[in-house]
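S.K.: Next one to model:
(4 chains)
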Number of protein chains: 2
Amino acid sequence: MTASQEMLKANNATDDKSRVRLWLRLLRASRAIESELRERLRTTYNVTLPRFDVMAALYREPEGMLMSQLSKYLMVSNGNVTGLIDRLTTDGLVQRTLRDGDRRTSVVLLTKAGRENFEQMAASHREWINELLSHFSPEEAETLAETLKVFASDWEGEAR
Amino acid sequence: MTASQEMLKANNATDDKSRVRLWLRLLRASRAIESELRERLRTTYNVTLPRFDVMAALYREPEGMLMSQLSKYLMVSNGNVTGLIDRLTTDGLVQRTLRDGDRRTSVVLLTKAGRENFEQMAASHREWINELLSHFSPEEAETLAETLKVFASDWEGEAR
DNA sequence: CTTAGATATTTTATGTTTGAAATAATTCAA
DNA sequence: TTGAATTATTTCAAACATAAAATATCTAAG
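M.R.: Numbers count the residues shown, from 1 in each chain, chains lettered A, B, ... in the order given. As a prediction, this is how the structure comes out:
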């Protein structure tokens, strides 16, 4: 084995380790934050995190979203969205409307109750995130967010 | 309102936004990677991600782990671990051993089959991560991992 | 020794999640 | 127009996940 081959091997081994370490850190960080947010949403508002996520997505789209758009945006399966929307509908927070000229689709949107309910939760949610990420200065946060942006561009649309 | 109060308000608003944006990016990045790894583990090795995670944890500890250690390390509930270990045991990949002098606890460890099985998967897993995180140079990865370390120190042990 | 409290795990009920199959509606080429 | 692909959603079974309650065991004060 030549010296340059040795170099290459060593470099690859380093890559291997640092990227794996990065992934494990990323995963642990998001799991830790997610757990904490889940817990606070449950105890404070008696709402599950998936339901909050759905409502957050719908809140951004006053015109409503298709089931498939929700599925893609939240990166969860179609069947999952169906169940979540069923339960949110039962609770009067969300409604399916049959407009369009396409009878396969139904546009889902927040009800008035859903919007009001979400606005309350969203305020707390923002505060909690600022608390949980207080280790990062705004500048660091900005930089880090920019760094992580590559995923959005790369993977967007590849959802299940 | 004084000028410094204006400044303060403006700063807080910025914090708010940048940290929330960071959280959303972090979440999307880890979900995207997690989805892709889940998919590849399923199609290539017919294994679920949670099962892989359990096996990875156990592989690092040849002496085995307590259920509660697994739960804490993986940041999932106790009951969840019970089910996962039950299924892995049924498949002969994991075993509970009743050593200790404490009959409340059982030490869980990989069987020979489990270790062999995991070693295969782990090699692919490492490659996939390097592929999926190839946007980051080893140096960037190292830096980013270091940045995300704060969570480990802050939250470790606060599991559910 | 007894037993109150602590610890480790499992059980239970409910909800989430997936992937595959089924259903329903649309589109478009022949 | 027909009907074969495509698209959108739902249904289904199995696994995953949580929180709370139950069970079992251990520990240590009295």
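S.K.: Secondary structure of A:E61: a strand, I assume?
M.R.: No - per DSSP: H, G, I helix; E, B strand; the rest coil, A:E61 lies outside any strand segment and is coil.
S.K.: where do the strands sit along chain A?
M.R.: A:65-66, A:94-97, A:107-110 (DSSP state E).
S.K.: Now for A:E63: which residues touch it?
M.R.: When contacts are counted by CB atoms under 8 Å, 6 or more residues apart in numbering or on different chains, A:E63 is found next to A:V107, A:L109. (C-beta placed from N, C-alpha, C; glycine too.)
S.K.: mind checking how far it is from DNA strand C?
M.R.: Separation of A:E63 from DNA strand C (CB to the nearest atom of the strand, to the nearest Å) stands at 19 Å.
S.K.: Could I get the strands of chain A in CSV, plus columns for distance to B:G114?
M.R.: As requested, these are exported to CSV (distance: least, CB to CB, whole Å):
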stretch, distance to B:G114
strand A:65-66, 43
strand A:94-97, 44
strand A:107-110, 43
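S.K.: Can you say which of those strands is packed in most?
M.R.: strand A:107-110 (a mean of 20; mean count of other CB atoms under 10 Å in any protein chain shown).
S.K.: quick revisit: as a markdown table, the strands of chain A with mean pLDDT would be great.
M.R.: Output for the strands of chain A, formatted as a markdown table (pLDDT from 0 to 100):
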| stretch | mean pLDDT |
| --- | --- |
| strand A:65-66 | 96 |
| strand A:94-97 | 95 |
| strand A:107-110 | 96 |
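S.K.: a markdown table for those, including distance to DNA strand D?
M.R.: What follows is the strands of chain A, written out as a markdown table (distance: least, CB to the nearest atom of the strand, whole Å):
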| stretch | distance to DNA strand D |
| --- | --- |
| strand A:65-66 | 4 |
| strand A:94-97 | 6 |
| strand A:107-110 | 7 |
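S.K.: State the number of residues packed around A:L74.
M.R.: 19 (other CB atoms under 10 Å in any protein chain shown).
S.K.: where's it relative to DNA strand D, distance?
M.R.: A:L74 is 13 Å from DNA strand D, by CB to the nearest atom of the strand.
S.K.: swap in A:G64?
M.R.: For A:G64 relative to DNA strand D (CB to the nearest atom of the strand), the value is 10 Å.
S.K.: I'd like the distance from that residue to A:A29, if you could.
M.R.: 33 Å (CB to CB, to the nearest Å).
S.K.: Equivalent analysis for A:E116, please.
M.R.: For A:E116 relative to A:A29 (CB to CB), the value is 32 Å.
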